[in-house]
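Student: Just need the structure, nothing else, for what follows:
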Amino acid sequence: MSNISGIERETLLQAARRFGTPVYVYNQSKIEEQCLKLHKYFPDVAFHYAVKANANPDVLRIIRKQGMGAEGVSEGELAAALAAGFKKKDLSFTCSNLREEELRAAAASGARVHLDSLNQLEVWGRLKLGKEVSLRLNQGIGAGHHKHVITGGPDSKFGIGLEDIAEAKGIAKKYNLSITGLQQHIGSNALDAGILLKAARVLLKTAAQFEDVTHIDFGGGLGIPYAPSEKELDLKAFGAELKKYIHEFKKSRGKTVEFAMEPGRFLVAEAGTLIVSVTDIKQTTKHTFVGVDSGFNHLLRPALYASYHPIENLSRTRGKRGRFSVAGNVCESGDVFATDREMLAPDIGDVLAICNAGAYGFSMASTYNLRVLPKEILITKDGKLKNISFDSALFAR
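Tutor: Residues are numbered from 1 along each chain as shown. Below is the predicted model:
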């Protein structure tokens, strides 16, 4: 959720005046605050930031300096992580439906590669890409804010099913491979610690079937509240219970085992704001449309996932309130950021803040309708504005 302070409001308005709208603005202090929370509540876990959430090089460097590793799902993301200073030993890689050359590149990067299918395991062995392997498992448990982000269960394309473990072991034996790692990912933006703990318990139970396992990755999915009705994930309770699981598993194994997680959205979502300007107001028989100078080409989540993003008027703090539908400038009927949202009545020229947009905002943006991408600006720890816009094509593969 959003609660913009007076100081932050003025800084965001300053960004709009200096750099124009639409513009993405990220808060360095908020990113660092989120990193510290994870270190505090999960002291026995290493973290690999999911680069796909926000791949801006400056954002990556901030996260790296907070003691995080990086998780990539493409050659480009691994290249971006390395360029931002992440060490090879701190890289993790998982993706489905890879070409052989992509799998070769992932292996050559030095990252811990979690193989997503029996075919990937077969290719890995045939190409002799390494003696040790890690498997991504689909244990039938899925969770997330929308069906498109649930990455576990029978409808998911990801992972090796538990019913295929015997065959996976057979392929490993065929190529003299040692299965030393297991990974899972149940979905995105989970706010219920219960489902995350359930998935962790099942993964540890499954790990008991692999005597050579020394690395267990619980995946990502740590969520943040977007809508007013949503509650924060109870990190303290989640961390305390997971610590018990880890201790019991280590005790049962009698040898060193490393544990990891892959936060993405949790670190950057609340730190990011998409600032837009009101360009039109149109009354229909059903809605009052507030037109703005951005669209789903810049923030796809509302159109793709029906996602809720808080929207605040930066230009005014008091006045008449009403219900308004905030619509973008893309030539598509689905280009709507909010429908019949109660908010302060805006005027043409007002500057609006679309909040919690730091994750899967710019990273999913496009130049659809041949509109240019927004600039990206960082509010540094000392409150200054820094232009951190970059050309993502530099890392495209």
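Student: Rounded mean pLDDT for the strand or helix carrying residue 9, please.
Tutor: Counting by DSSP states H and E, the element that carries residue 9 is helix 6-19. The predicted model assigns helix 6-19 a mean pLDDT of 94.
Student: which outside residues touch that helix?
Tutor: For helix 6-19, the surrounding residues in contact (CB atoms under 8 Å, 6 or more residues apart in numbering) are 4, 23, 25, 27, 273, 275, 277, 314-315, 317, 351, 353, 375, 377, 379, 383, 385, 387. Yep, even glycine has a C-beta here, placed from its N, CA and C like the rest.
Student: Same question for stretch 341-354.
Tutor: For stretch 341-354, contacts defined as CB under 8 Å, 6+ apart pick out 2, 4, 12-13, 16, 21, 273-281, 290, 292, 294, 299, 309-326, 337.
Student: longest strand anywhere in the chain?
Tutor: When every strand of the chain is counted residue by residue (DSSP state E), the longest turns out to be strand 272-283.
Student: What is it packed up against?
Tutor: Under the contact criterion of 3 or more CB pairs under 8 Å, 6 or more residues apart in numbering; DSSP states H and E, strand 272-283 touches helix 6-19, strand 23-27, strand 288-292, strand 351-354.
Student: Determine which of those approaches residue 74 most closely.
Tutor: The closest approach between residue 74 and any of those, judged by CB to CB, belongs to strand 23-27 at 21.3 Å.
Student: Neighbouring strands - and their directions - for that closest one?
Tutor: Strand pairing for strand 23-27, determined by DSSP bridges: strand 272-283 (antiparallel), strand 375-379 (parallel).
Student: Mind putting these into JSON lines with distance to residue 261, mean pLDDT and mean neighbour count?
Tutor: Formatted as JSON lines, the entries for those read as follows, by distance: least, CB to CB, whole Å; pLDDT from 0 to 100; neighbours: other CB atoms under 10 Å:
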{"stretch": "strand 272-283", "distance to residue 261": "21", "mean pLDDT": "98", "mean neighbour count": "20"}
{"stretch": "strand 375-379", "distance to residue 261": "25", "mean pLDDT": "98", "mean neighbour count": "22"}
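Student: Adding distance to residue 264 as columns, could you present those strands in TSV?
Tutor: Putting the strands paired with strand 23-27 into TSV (distance: least, CB to CB, whole Å) gives the following:
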stretch	distance to residue 264
strand 272-283	12
strand 375-379	17
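Student: nearest to residue 62, of these?
Tutor: Counting by CB to CB, residue 62 lies closest to strand 375-379 out of the strands paired with strand 23-27; the figure is 8.3 Å.
Student: how big is the angle separating the closest one from helix 6-19?
Tutor: 140 degrees (axes from the mean of the first three to the mean of the last three CA atoms, to 10 degrees).
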